[in-house]
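>>> fold the stuff below for me.
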Amino acid sequence: MAIELTDELIELERAAWAEQQENRLTVDTAAAVQAAITAHAASTGQSRYEVERELKRVVRHPDAD
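Residues are numbered from 1 along each chain as shown. Next up is the predicted model:
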């Protein structure tokens, strides 16, 4: 089963990844991403771990597609 991601979830992770790359990631940003991942997984019946893994792959390694 393919992991489904929303544009909003991808944008949130992109913002967090940019902050992390600039060494300015805050606890609030990281917590917001985790909460969004958890909520998305629960609402779609997907594994939270699989959603997070796919989200990070899409954001951090877009050329792998």
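
>>> contacts for the longest helix seen in the chain?
Using DSSP state H, we find that the single longest helix of the chain is helix 27-44. Residues external to helix 27-44 that are found in contact with it (Cβ atoms under 8 Å, 6 or more residues apart in numbering): 4-6, 8-9, 12-13, 15-16, 19, 46-48, 50-52, 55. (Each C-beta comes from the backbone N, C-alpha and C, glycine too.)

>>> next SSE downstream of that helix?
Next along the chain after helix 27-44, taking DSSP states H and E as the criterion, comes helix 48-60.

>>> list the buried residues of that next one.
Under the neighbour-count criterion of 16 or more other Cβ atoms under 10 Å, helix 48-60 has 51, 52, 54, 55, 58, 59 buried.

>>> now swap in stretch 18-25 and tell me
residue 25.

>>> may I have it as CSV, with CA atoms only?
This file holds the C-alpha atoms of stretch 18-25, laid out as CSV (Å, rounded to 0.1, in the frame of the first residue of the first chain):
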residue,chain,number,x,y,z
ALA,A,18,15.0,24.1,6.1
GLU,A,19,15.2,25.2,9.8
GLN,A,20,17.3,22.1,10.6
GLN,A,21,19.7,22.7,7.8
GLU,A,22,20.2,26.3,9.1
ASN,A,23,20.7,25.0,12.6
ARG,A,24,17.6,26.8,13.9
LEU,A,25,15.0,24.1,14.3
